[in-house]
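Asks: predicted structure and sequence below. I'll ask about it afterward.
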Amino acid sequence: MDHSEVAARDQVPAERAARIEAIIAGRVPDVRLLMDHFGEEEVGLVGHSFGGWTALATLEVDSRVATVVAMGAGGGEPPRPGILPVN
C-alpha cells in the first residue's frame, strides 16, 4: 500500500510535530480501509520501519489481522502501540 503523506521541508518545529501526528493518525485507518475490500477474511501484514509499526498497530485494533511481519519497526518515546520496549 502506498500512503498519501508527502515529505515537507522548511517547517517550524510545531508545524512538523503536527504533521507527524497527522501522518501517524492516518496510518492504521489507511490499512483498515484497504482491508475492508477483502471483507471479513483474515490477512497478513508486512512492513518495514514505519510500515512495521503500522502493521503492529493495526494488529492491536483489528481482529482480521492474523499474521504480522514487522521488519525494523519504528518507534519512539513514548512508545507507539505495538512497539515493545527493549530492556
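Replies: Received the coordinates, thanks.
Asks: contacts, neighbours, all on C-alpha from now
Replies: Will do.
Asks: now the helices for this protein?
Replies: Secondary structure of the chain by DSSP state H: the helices cover 13-36, 50-61.
Asks: tabulate the ones you listed (TSV), appending mean pLDDT, mean neighbour count and distance to residue 69.
Replies: Output for those, formatted as TSV (pLDDT from 0 to 100; neighbours: other C-alpha atoms under 10 Å; distance: least, C-alpha to C-alpha, whole Å):
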stretch	mean pLDDT	mean neighbour count	distance to residue 69
helix 13-36	86	14	15
helix 50-61	90	21	7
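Asks: okay, the ones you listed in JSON lines with distance to residue 72 next?
Replies: JSON lines is the format used below for the helices of the chain (distance: least, C-alpha to C-alpha, whole Å):
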{"stretch": "helix 13-36", "distance to residue 72": "17"}
{"stretch": "helix 50-61", "distance to residue 72": "7"}
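Asks: how about those, which one is nearest residue 42?
Replies: helix 13-36 (9.0 Å; C-alpha to C-alpha).
Asks: using PDB, write out every CA atom in that closest one.
Replies: Once non-C-alpha atoms are left out, helix 13-36 reads as follows in PDB (Å, rounded to 0.1, in the frame of the first residue of the first chain):
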ATOM      1  CA  PRO A  13       9.000  22.600  14.800                       C
ATOM      2  CA  ALA A  14       5.300  23.000  15.800                       C
ATOM      3  CA  GLU A  15       4.200  22.500  12.300                       C
ATOM      4  CA  ARG A  16       6.400  19.500  11.800                       C
ATOM      5  CA  ALA A  17       5.100  17.900  15.000                       C
ATOM      6  CA  ALA A  18       1.500  18.400  14.000                       C
ATOM      7  CA  ARG A  19       2.200  17.000  10.500                       C
ATOM      8  CA  ILE A  20       3.900  13.900  12.000                       C
ATOM      9  CA  GLU A  21       1.000  13.300  14.400                       C
ATOM     10  CA  ALA A  22      -1.400  13.500  11.400                       C
ATOM     11  CA  ILE A  23       0.600  11.000   9.500                       C
ATOM     12  CA  ILE A  24       0.700   8.600  12.400                       C
ATOM     13  CA  ALA A  25      -3.100   9.000  13.000                       C
ATOM     14  CA  GLY A  26      -3.800   8.200   9.300                       C
ATOM     15  CA  ARG A  27      -1.700   5.000   9.000                       C
ATOM     16  CA  VAL A  28      -3.900   2.400  10.700                       C
ATOM     17  CA  PRO A  29      -7.200   3.800   9.100                       C
ATOM     18  CA  ASP A  30      -5.500   3.600   5.700                       C
ATOM     19  CA  VAL A  31      -4.700  -0.100   6.200                       C
ATOM     20  CA  ARG A  32      -8.200  -0.800   7.600                       C
ATOM     21  CA  LEU A  33      -9.800   0.800   4.600                       C
ATOM     22  CA  LEU A  34      -7.800  -1.400   2.300                       C
ATOM     23  CA  MET A  35      -8.700  -4.500   4.400                       C
ATOM     24  CA  ASP A  36     -12.400  -3.600   4.000                       C
END
